[in-house]
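**Q** Build the 3D model from these lines:
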Amino acid sequence: MSIIKIDMNSPEFQAELAKTVKFTDKVVAQFGWAYNPNAEINEGVQMGLARNKMMYSKRFCPCYMVEEVDGTYKSSDNRLCPCTPAIEHEIPEEGVCHCQIFCTPEYAASLLKTEEITSVTHQHSRGLTTEECEFLLQKKNIDSDELTSLFEARELGMVDFKVVDVREWMEYKGARIEGVDALIPTSSFFQTLTEADIKNDEHIIVYCHVGSRSAHCQRILTDMGYLKVTNLMGGIVAYNGTMARG
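**A** Purely as a prediction, here's the structure:
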(Lines give C-alpha, C1' and ligand atoms only; values in the text may rest on other atoms or scores of the structure.)
Protein backbone atom coordinates (compact mmCIF):
# COMPACT_ATOMS: atom_id res chain seq x y z
CA MET A 1 0.00 0.00 0.00
CA SER A 2 1.50 3.31 -1.06
CA ILE A 3 1.11 6.57 0.84
CA ILE A 4 -2.28 8.17 0.13
CA LYS A 5 -1.84 11.78 -0.95
CA ILE A 6 -4.66 14.26 -0.39
CA ASP A 7 -4.16 17.88 -1.42
CA MET A 8 -5.05 19.96 1.63
CA ASN A 9 -5.52 23.02 -0.60
CA SER A 10 -8.01 21.37 -2.94
CA PRO A 11 -11.61 22.66 -2.99
CA GLU A 12 -12.84 19.17 -2.08
CA PHE A 13 -10.71 18.97 1.05
CA GLN A 14 -11.48 22.54 2.12
CA ALA A 15 -15.23 21.87 1.75
CA GLU A 16 -14.95 18.71 3.85
CA LEU A 17 -12.87 20.55 6.43
CA ALA A 18 -15.57 23.24 6.77
CA LYS A 19 -18.17 20.51 7.37
CA THR A 20 -15.91 18.91 9.96
CA VAL A 21 -15.46 22.15 11.89
CA LYS A 22 -19.25 22.46 12.10
CA PHE A 23 -19.37 18.85 13.27
CA THR A 24 -16.85 19.39 16.09
CA ASP A 25 -18.63 22.61 17.10
CA LYS A 26 -21.81 20.58 17.47
CA VAL A 27 -20.02 17.91 19.53
CA VAL A 28 -18.62 20.53 21.93
CA ALA A 29 -22.07 22.07 22.41
CA GLN A 30 -23.83 18.71 22.77
CA PHE A 31 -21.60 17.37 25.55
CA GLY A 32 -20.79 20.65 27.30
CA TRP A 33 -17.10 20.24 26.52
CA ALA A 34 -14.53 22.85 25.56
CA TYR A 35 -11.99 22.98 22.77
CA ASN A 36 -8.33 22.70 23.62
CA PRO A 37 -7.06 26.29 24.04
CA ASN A 38 -4.30 25.47 21.55
CA ALA A 39 -5.94 26.22 18.19
CA GLU A 40 -3.22 24.36 16.27
CA ILE A 41 -4.13 21.11 18.02
CA ASN A 42 -7.78 21.53 17.13
CA GLU A 43 -7.01 22.39 13.52
CA GLY A 44 -4.76 19.35 13.16
CA VAL A 45 -7.40 16.98 14.52
CA GLN A 46 -10.11 18.56 12.38
CA MET A 47 -7.91 18.12 9.31
CA GLY A 48 -7.38 14.48 10.24
CA LEU A 49 -11.11 13.91 10.68
CA ALA A 50 -11.79 15.55 7.32
CA ARG A 51 -9.08 13.44 5.68
CA ASN A 52 -10.56 10.23 7.10
CA LYS A 53 -14.03 11.25 5.97
CA MET A 54 -12.71 11.61 2.42
CA MET A 55 -10.68 8.40 2.58
CA TYR A 56 -13.07 6.13 4.48
CA SER A 57 -16.47 7.92 4.41
CA LYS A 58 -16.40 8.16 8.22
CA ARG A 59 -14.77 10.55 10.66
CA PHE A 60 -12.50 8.01 12.28
CA CYS A 61 -10.23 9.34 14.99
CA PRO A 62 -7.00 10.46 13.23
CA CYS A 63 -4.89 9.22 16.15
CA TYR A 64 -5.68 5.56 15.47
CA MET A 65 -5.10 3.23 12.55
CA VAL A 66 -7.87 2.37 10.09
CA GLU A 67 -7.86 -1.10 8.59
CA GLU A 68 -9.96 -2.82 5.96
CA VAL A 69 -11.66 -5.95 7.31
CA ASP A 70 -13.84 -8.00 4.96
CA GLY A 71 -14.32 -5.04 2.68
CA THR A 72 -15.25 -2.64 5.50
CA TYR A 73 -13.06 0.04 7.03
CA LYS A 74 -12.71 -0.16 10.80
CA SER A 75 -10.75 1.88 13.32
CA SER A 76 -8.73 0.14 16.00
CA ASP A 77 -10.38 0.43 19.42
CA ASN A 78 -13.61 1.53 17.67
CA ARG A 79 -12.52 5.15 17.48
CA LEU A 80 -15.26 7.01 15.58
CA CYS A 81 -15.53 10.66 16.62
CA PRO A 82 -16.85 11.44 19.18
CA CYS A 83 -15.56 8.07 20.30
CA THR A 84 -17.01 5.99 23.11
CA PRO A 85 -13.75 5.83 25.15
CA ALA A 86 -13.60 9.65 25.18
CA ILE A 87 -17.23 9.98 26.25
CA GLU A 88 -17.21 7.25 28.90
CA HIS A 89 -13.70 7.36 30.33
CA GLU A 90 -11.10 9.78 28.99
CA ILE A 91 -12.87 13.11 29.40
CA PRO A 92 -14.75 12.28 32.65
CA GLU A 93 -11.63 10.76 34.26
CA GLU A 94 -8.71 12.60 32.66
CA GLY A 95 -10.34 15.81 31.49
CA VAL A 96 -9.29 15.43 27.87
CA CYS A 97 -9.80 13.02 24.98
CA HIS A 98 -6.97 10.99 23.45
CA CYS A 99 -6.61 13.37 20.48
CA GLN A 100 -6.70 16.36 22.86
CA ILE A 101 -9.22 18.40 20.84
CA PHE A 102 -12.09 17.96 23.35
CA CYS A 103 -11.71 18.62 27.07
CA THR A 104 -13.61 19.85 30.08
CA PRO A 105 -13.74 23.63 30.65
CA GLU A 106 -11.68 23.11 33.81
CA TYR A 107 -8.98 21.21 31.93
CA ALA A 108 -8.85 23.94 29.27
CA ALA A 109 -8.34 26.60 31.95
CA SER A 110 -5.59 24.50 33.54
CA LEU A 111 -3.81 24.13 30.19
CA LEU A 112 -3.77 27.88 29.70
CA LYS A 113 -2.15 28.35 33.11
CA THR A 114 0.41 25.59 32.54
CA GLU A 115 1.44 27.05 29.18
CA GLU A 116 1.92 30.44 30.80
CA ILE A 117 4.19 29.03 33.52
CA THR A 118 6.17 26.89 31.05
CA SER A 119 6.87 29.83 28.75
CA VAL A 120 8.38 31.73 31.70
CA THR A 121 10.41 28.97 33.37
CA HIS A 122 11.83 26.80 30.54
CA GLN A 123 15.42 27.87 29.85
CA HIS A 124 18.56 26.45 28.27
CA SER A 125 21.95 26.60 29.99
CA ARG A 126 24.46 24.27 28.27
CA GLY A 127 24.88 21.36 25.85
CA LEU A 128 24.32 17.74 26.82
CA THR A 129 27.03 15.30 27.82
CA THR A 130 27.15 11.88 26.11
CA GLU A 131 25.85 10.27 29.29
CA GLU A 132 22.93 12.69 29.38
CA CYS A 133 22.12 11.97 25.73
CA GLU A 134 21.94 8.26 26.43
CA PHE A 135 19.80 8.92 29.48
CA LEU A 136 17.31 10.97 27.42
CA LEU A 137 17.06 8.26 24.78
CA GLN A 138 16.11 5.75 27.46
CA LYS A 139 13.09 7.84 28.43
CA LYS A 140 9.61 6.96 27.24
CA ASN A 141 8.84 10.60 26.49
CA ILE A 142 10.94 13.69 25.76
CA ASP A 143 9.95 17.31 25.19
CA SER A 144 10.84 19.87 22.53
CA ASP A 145 13.89 21.27 24.31
CA GLU A 146 15.29 17.79 24.92
CA LEU A 147 14.91 16.86 21.24
CA THR A 148 16.59 20.11 20.17
CA SER A 149 19.52 19.33 22.46
CA LEU A 150 19.70 15.77 21.11
CA PHE A 151 19.84 17.10 17.55
CA GLU A 152 22.75 19.34 18.54
CA ALA A 153 24.52 16.37 20.12
CA ARG A 154 23.89 14.22 17.03
CA GLU A 155 25.47 16.87 14.82
CA LEU A 156 28.56 16.70 17.04
CA GLY A 157 28.67 12.88 16.67
CA MET A 158 27.97 12.31 20.35
CA VAL A 159 24.88 10.12 19.83
CA ASP A 160 22.93 8.40 17.06
CA PHE A 161 19.17 8.02 16.67
CA LYS A 162 16.41 8.06 14.05
CA VAL A 163 13.50 10.52 14.09
CA VAL A 164 10.28 9.17 12.55
CA ASP A 165 7.24 11.25 11.54
CA VAL A 166 4.05 9.15 11.81
CA ARG A 167 1.69 11.80 10.41
CA GLU A 168 0.25 11.72 6.90
CA TRP A 169 1.96 12.85 3.70
CA MET A 170 0.04 16.12 3.42
CA GLU A 171 0.94 17.06 7.01
CA TYR A 172 4.57 16.17 6.38
CA LYS A 173 4.70 18.32 3.24
CA GLY A 174 3.09 21.22 5.05
CA ALA A 175 5.66 21.30 7.86
CA ARG A 176 8.00 18.83 9.49
CA ILE A 177 10.81 18.83 12.03
CA GLU A 178 14.14 19.52 10.35
CA GLY A 179 16.34 16.47 10.85
CA VAL A 180 13.55 13.90 10.55
CA ASP A 181 14.84 10.64 9.05
CA ALA A 182 11.69 8.88 7.83
CA LEU A 183 7.99 9.36 7.15
CA ILE A 184 5.95 6.34 8.28
CA PRO A 185 2.27 7.39 8.13
CA THR A 186 -0.05 5.84 10.67
CA SER A 187 -2.54 4.98 7.91
CA SER A 188 0.03 2.73 6.20
CA PHE A 189 2.29 2.10 9.16
CA PHE A 190 3.28 -1.54 8.76
CA GLN A 191 3.97 -1.29 5.02
CA THR A 192 6.06 1.88 5.20
CA LEU A 193 7.88 0.68 8.32
CA THR A 194 9.25 -2.21 6.27
CA GLU A 195 10.30 0.17 3.50
CA ALA A 196 12.05 2.49 5.99
CA ASP A 197 14.33 -0.40 7.07
CA ILE A 198 14.81 0.79 10.65
CA LYS A 199 16.54 -1.77 12.86
CA ASN A 200 14.86 -2.83 16.10
CA ASP A 201 17.95 -2.02 18.17
CA GLU A 202 18.26 1.58 16.95
CA HIS A 203 17.24 4.53 19.06
CA ILE A 204 13.97 5.80 17.57
CA ILE A 205 12.12 9.02 18.34
CA VAL A 206 8.57 9.15 16.98
CA TYR A 207 6.42 12.24 16.65
CA CYS A 208 3.07 13.35 15.22
CA HIS A 209 0.91 16.45 15.52
CA VAL A 210 0.32 16.45 19.28
CA GLY A 211 1.89 13.19 20.49
CA SER A 212 -1.18 10.92 20.44
CA ARG A 213 -0.64 9.02 17.19
CA SER A 214 3.06 8.69 17.94
CA ALA A 215 2.33 7.29 21.41
CA HIS A 216 0.07 4.71 19.75
CA CYS A 217 2.80 3.82 17.24
CA GLN A 218 5.35 3.72 20.06
CA ARG A 219 3.33 0.99 21.77
CA ILE A 220 3.06 -0.95 18.53
CA LEU A 221 6.80 -0.73 17.87
CA THR A 222 7.54 -1.88 21.42
CA ASP A 223 5.19 -4.85 20.98
CA MET A 224 7.01 -5.67 17.73
CA GLY A 225 10.33 -5.90 19.57
CA TYR A 226 11.78 -2.44 18.96
CA LEU A 227 13.82 -1.85 22.09
CA LYS A 228 14.49 1.89 22.21
CA VAL A 229 11.45 3.94 21.21
CA THR A 230 10.84 7.43 22.58
CA ASN A 231 7.82 9.66 21.97
CA LEU A 232 7.97 13.43 21.48
CA MET A 233 5.47 14.88 23.95
CA GLY A 234 3.23 17.51 22.43
CA GLY A 235 4.31 16.55 18.91
CA ILE A 236 5.23 19.06 16.25
CA VAL A 237 2.82 21.61 17.75
CA ALA A 238 4.99 21.92 20.85
CA TYR A 239 8.32 21.76 18.99
CA ASN A 240 10.35 24.98 19.14
CA GLY A 241 13.20 23.94 16.87
CA THR A 242 13.82 24.45 13.16
CA MET A 243 11.10 23.36 10.72
CA ALA A 244 11.27 22.28 7.08
CA ARG A 245 8.43 22.78 4.57
CA GLY A 246 7.45 21.63 1.11
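**Q** okay, CA-based contacts and neighbour counts for the rest of this
**A** Will do.
**Q** what stretches of this protein score poorly on pLDDT?
**A** 1-2, 114, 116-126 (pLDDT under 70).
**Q** care to break it down by domain?
**A** 11-119, 130-244 (automatic domain parsing).
**Q** Tell me which of those domains lies nearest to Ile3.
**A** domain 130-244 (6.7 Å; Cα to Cα).
**Q** gap between the two ends of the closest one?
**A** Taking Cα to Cα, to the nearest Å as the measure, domain 130-244 stretches 27 Å from start to finish.
**Q** Near Pro85, how many other residues are there?
**A** For Pro85, the neighbour count with other Cα atoms under 10 Å is 17.
**Q** The one 3 residues further on now?
**A** Glu88 has 10 neighbouring residues, counting by other Cα under 10 Å.
**Q** From Phe23, how far out is it?
**A** 20 Å.
**Q** one step back: Serialize the domains of the chain to JSON lines and add fields for distance to Lys5.
**A** Formatted as JSON lines, the domains of the chain follow (distance: least, Cα to Cα, whole Å):
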{"stretch": "domain 11-119", "distance to Lys5": "10"}
{"stretch": "domain 130-244", "distance to Lys5": "6"}
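**Q** wait, which of the ones you listed is closest to Ile4?
**A** domain 130-244 (7.3 Å).
**Q** Helices along this structure, start to end?
**A** Assigned by DSSP state H, the chain shows helices spanning 11-31, 39-56, 84-85, 105-121, 130-137, 144-155, 169-174, 189-196, 212-223.
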